[in-house]
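> Would you be able to build a 3D model of this:
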Amino acid sequence: MHTRLFASFALCLGLLLAPTACTTLIDPNTVSIQIRQPTAETQVTGFALVEIDSNQTREIKELLIGLRSQKENKLLKILHRTQPDRFPYLYEWDTTADLDGPYEIFVQVLLTGQTVAQKAVAPVWIVNGQARLRFKECQQGALILRDQVKLTLEWLDTPPNLPPTPVELYVQGIAQSRLEGPPYIFDVDLSALPHATETTLSAVVLRGLYRGTTSLCTAYIDRQGPKLQFLFPDANTQTVPLQFTALLEIQEDFGLNKIEILATAQGQPPIVVGTRNAPPFQISVDLSAFQHQQAITLQAVGTDNVGNITPAPPSLQVTLDANPPTIEILSPQPNAPHLGRIRFEARARDEAGLASVAFYLEDEKGQRLDNLLFQKAPITSDTFQAEVQAAISLYGPGERRFVVIATDQHQNQTTQRLTFLIGCLRDADCPAQNPPYQCRGNRCLIPEKLGGPCDYDFSCEGDLLCTRRGITWCAKEKLGICRQSCLSRNDCPNGYFCLIDGGKGVCFPGDPCSPFTANCASNEQCAPWGKDSFVCLPVGGGSEGSPCTPLSCDASKGCQRGYACLSSGNSGVCKRLCDQDYPSRDCTNRSCVTFPLRDGQTNKIGYCR
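Below is the predicted model:
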């Protein structure tokens, strides 16, 4: 009896997604199932009471309470299963075990005679999260508004399908509009509020478990455009230059968006000659569209962040001076050598009068080296001069630029540059002595021979190169020495190796040592470089297989005595050196293989492997 009962009941439970498969077992004329709590459209939280009643209490053998996803229409879980002894039957449902959202609660009962009856209620909303509201437009702080605005209300920490939730909007505590459900987009009318009013906009949930949830937003009413006044040019300015910076006094309480300078001449429409949309509001004005000596009206118009425009734009009547000063550089000469004293001379003129003239020097990269002259009004001459003694020692040899800047009384400005040479151009520019001076690197000097001290390649004679590595490989003092250039080891004499240094190859001397004799300093050991070239390196602490840096002059990156750093990728490892003529002497139970040299050659130096 019981086996058949549970089998039948299980069959219907398996068909919950298609309950019509069991409808032949249900007799609606004799069975009534009621879900008194919760009812449809109910919002539940925490522990919720499920109350079930029936008119056939004696016939009910077993009762099942289940939860179905209303969104996906599928069985989620069986909440409760029991053999009730009385009705109404009460079940305490822990809603915190389920996600917030809409659900269907269904009840199935097993009756005498293997008949199944069922009842469902939907939607029932689980709402356990703490909902929050916010105005989308108010996230960056207080709003600046004029008359009408659309405000979007956003829900946070709520289920995707929000239950119907009415929200009312208040302005200054007075209800203005109400929305029964999403989308929560309010049309707000603030036209009744006077300019500069600070007002509070609030949205309040009226019903449901979110009742009382509130969002606030502060707004300021702005209906007046910015007030402007010219500081430069001003009412006393009669003439303006072709290009200048306009300065304005600004009064605006809630933020400025843009300022425009408009210019107009008789018979012409106004044009924008300067604009700026971010502070500081110092506006570059360009009047190149107008003619010299033309009368122009300038006007300043500002727009604030909500579109209010300057109510009474200030204006000025000015005359345009479109002719900047002229400059003629008289000295120095661009193609002549300048070894010692240099005379700088220029002529500057302007019909309105000069306000200032300045001389300065630039290097070949445009960096200012020195100010040579600055003369300001009153100016009585059109020719200006400056002199420099010992130019090479002051500014070094090479190309330099002489810069002249002339500014007239109306602030028109002209800049002119002249490129000239400090130093010699050819040997003939240098003193005739024995041995003779030569012009190298724009310097007059006696070139150094092989092994001589140097600072630059041009300090060395012929094709010798200046290498700042000192006398030996690990020399602490990195002196510049003239050395022979090379492309490979074959270009260098015995005992030298071809060192690529800064993209240049130079023959560098190896140390007169051998890895198998003690002829380096006491704290150094001999390491192979090329076929017949070696260098003395500090004795380090690296043992067999330890990481190291090849040919490093830093003891902390070197190998212990009798070992050398074998290149391995971007670094190296310490290996025991051996003489390939006597492999068994240096390598016990190991082979002595050829040590890879920098010049690609081989000798009898090997390492144990």
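> Kindly state the beta-bridge partners for C498.
Taking DSSP bridges as the rule, C498 bridges to C507.
> dump the residue contacts of Y170.
Residues in contact with Y170, defined by Cβ atoms under 8 Å, 6 or more residues apart in numbering, are 176, 201-204. Any C-beta I mention is one placed from the backbone N, CA and C, and that applies to glycine too.
> strands paired with the helix or strand containing it, and their directions?
Using DSSP states H and E, Y170 sits in strand 167-171. Strand 167-171 has its sheet partners listed here by DSSP bridges as strand 174-179 (antiparallel), strand 198-205 (antiparallel).
> For the following helix or strand past the first one, name the packing helices and strands.
Once strand 174-179 ends, the next helix or strand along the chain (criterion: DSSP H and E) is strand 185-189. Helices and strands touching strand 185-189, by 3 or more Cβ pairs under 8 Å, 6 or more residues apart in numbering; DSSP states H and E, are strand 148-156, strand 167-171, strand 174-179.
> okay, these, which one's buried deepest?
strand 167-171 (a mean of 19; mean count of other Cβ atoms under 10 Å).
> Going by neighbour count, which of the contacts of Y170 comes out on top?
L201 (24 neighbours; other Cβ atoms under 10 Å).
> That one: what's it in contact with?
Counted by Cβ under 8 Å, 6+ apart, L201 has contacts 135, 138, 151, 169-171, 188, 216-219.
> hmm, back to that, among the strands paired with strand 167-171, which comes closest to W93?
strand 198-205 (24.5 Å; Cβ to Cβ).
> helix or strand right after that closest one?
For strand 198-205, the following helix or strand on the C-terminal side (DSSP H and E) is strand 214-221.
> what inclination does that next one have with respect to strand 167-171?
If you take axes from the mean of the first three to the mean of the last three Cα atoms, to 10 degrees, strand 214-221 sits at 30 degrees to strand 167-171.
> Only C-alpha atoms, please: export strand 214-221 in CSV.
Taking Å, rounded to 0.1, in the frame of the first residue of the first chain, the C-alpha atoms of strand 214-221 are listed here in CSV:
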residue,chain,number,x,y,z
THR,A,214,15.0,57.8,0.1
SER,A,215,17.5,59.5,-2.2
LEU,A,216,18.4,63.2,-1.9
CYS,A,217,19.9,65.6,-4.4
THR,A,218,20.9,69.3,-3.9
ALA,A,219,20.4,71.7,-6.8
TYR,A,220,21.0,75.4,-7.3
ILE,A,221,18.9,77.5,-9.7
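> Please identify which of the helices and strands packed on strand 185-189 is closest to D511.
Of these, nearest to D511 by Cβ to Cβ is strand 148-156, at 75.6 Å.
> what pLDDT, on average, does that closest one get?
Confidence for strand 148-156, expressed as mean pLDDT, is 90.
> Show which residues not belonging to it make contact with it.
131-138, 143, 162, 167, 169, 183-191, 201, 203, 215, 217.
> Pull up the pairing partners for it, direction included.
strand 132-135 (antiparallel), strand 185-189 (antiparallel).
> Rebuild the ones you listed as TSV, extending it with mean neighbour count.
Shown next, in TSV, are the strands paired with strand 148-156 (neighbours: other Cβ atoms under 10 Å):
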stretch	mean neighbour count
strand 132-135	18
strand 185-189	15
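> Those: lowest mean pLDDT?
Of all those, the minimum mean pLDDT falls on strand 132-135 (a mean of 90).
> continuing past that one, what's the next helix or strand?
In N-to-C order, the element after strand 132-135 by DSSP H and E is strand 143-145.
> and that next one, which strands flank it?
Here, using DSSP bridges, strand 143-145 pairs with strand 214-221 (parallel).
> Check which element follows the partner strand along the chain.
Following strand 214-221 in sequence order, the next helix or strand is strand 227-232 (DSSP H and E).
> Run the chain-centre distance for that following strand.
Here strand 227-232 is found 37 Å from its chain centre; the criterion is Cα atoms, centre = their mean, to the nearest Å.
> switch to numbering from 502
Let's use 502 as the start, then, which means that last one is strand 728-733.
> Can you mark which positions in that strand are buried?
Of all the residues in strand 728-733, those buried under the rule 16 or more other Cβ atoms under 10 Å are 729, 731.
> just checking, what packs against it?
Looks like strand 728-733 contacts strand 744-752, strand 796-805 (3+ Cβ pairs under 8 Å, 6+ apart).
> Quick check: which of the ones you listed is buried the most?
For the helices and strands packed on strand 728-733, the largest average neighbour count (mean count of other Cβ under 10 Å) is found in strand 796-805, namely a mean of 19.
> just checking, what packs against that one?
Going by 3+ Cβ pairs under 8 Å, 6+ apart, strand 796-805 lies up against strand 728-733, strand 744-752, strand 757-765, strand 816-822.
> got the strands paired with strand 668-672 as JSON lines, with distance to A1028 and mean pLDDT columns?
Shown next, in JSON lines, are the strands paired with strand 668-672 (distance: least, Cβ to Cβ, whole Å; pLDDT from 0 to 100):
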{"stretch": "strand 675-680", "distance to A1028": "85", "mean pLDDT": "92"}
{"stretch": "strand 699-706", "distance to A1028": "80", "mean pLDDT": "93"}
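> out of these, nearest to Q744?
Closest among the strands paired with strand 668-672, using Cβ to Cβ: strand 699-706, at 42.9 Å.
> pull the CA atoms of the closest one into CSV?
Taking Å, rounded to 0.1, in the frame of the first residue of the first chain, the C-alpha atoms of strand 699-706 are listed here in CSV:
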residue,chain,number,x,y,z
GLU,A,699,19.3,76.2,-3.1
THR,A,700,16.7,73.4,-3.3
THR,A,701,16.5,69.8,-2.3
LEU,A,702,15.1,67.1,-4.6
SER,A,703,14.1,63.9,-2.8
ALA,A,704,12.7,60.6,-4.1
VAL,A,705,10.7,58.4,-1.5
VAL,A,706,9.4,54.9,-1.9
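> mind checking how far that strand is from the chain centre?
38 Å.
> which ones are touching the residue nearest to I760 when sequence neighbours are not counted?
Taking Cβ to Cβ, 6 or more residues apart in numbering, and ignoring the residues beside it in sequence, I760 has G803 as its nearest neighbour in space, at 4.8 Å. Going by Cβ under 8 Å, 6+ apart, G803 touches 726-727, 729, 751, 753, 757, 759-761, 810-811.
> Considering those, which possesses the most neighbours?
Within the contacts of G803, most neighbours by other Cβ under 10 Å means P727, with 26 neighbours.
> What count of nearby residues applies to the closest residue to C1049 other than its chain neighbours?
Leaving out its chain neighbours, the residue that sits closest to C1049 by Cβ to Cβ, 6+ apart is C1066, at 4.0 Å. C1066 has 24 neighbouring residues, counting by other Cβ under 10 Å.
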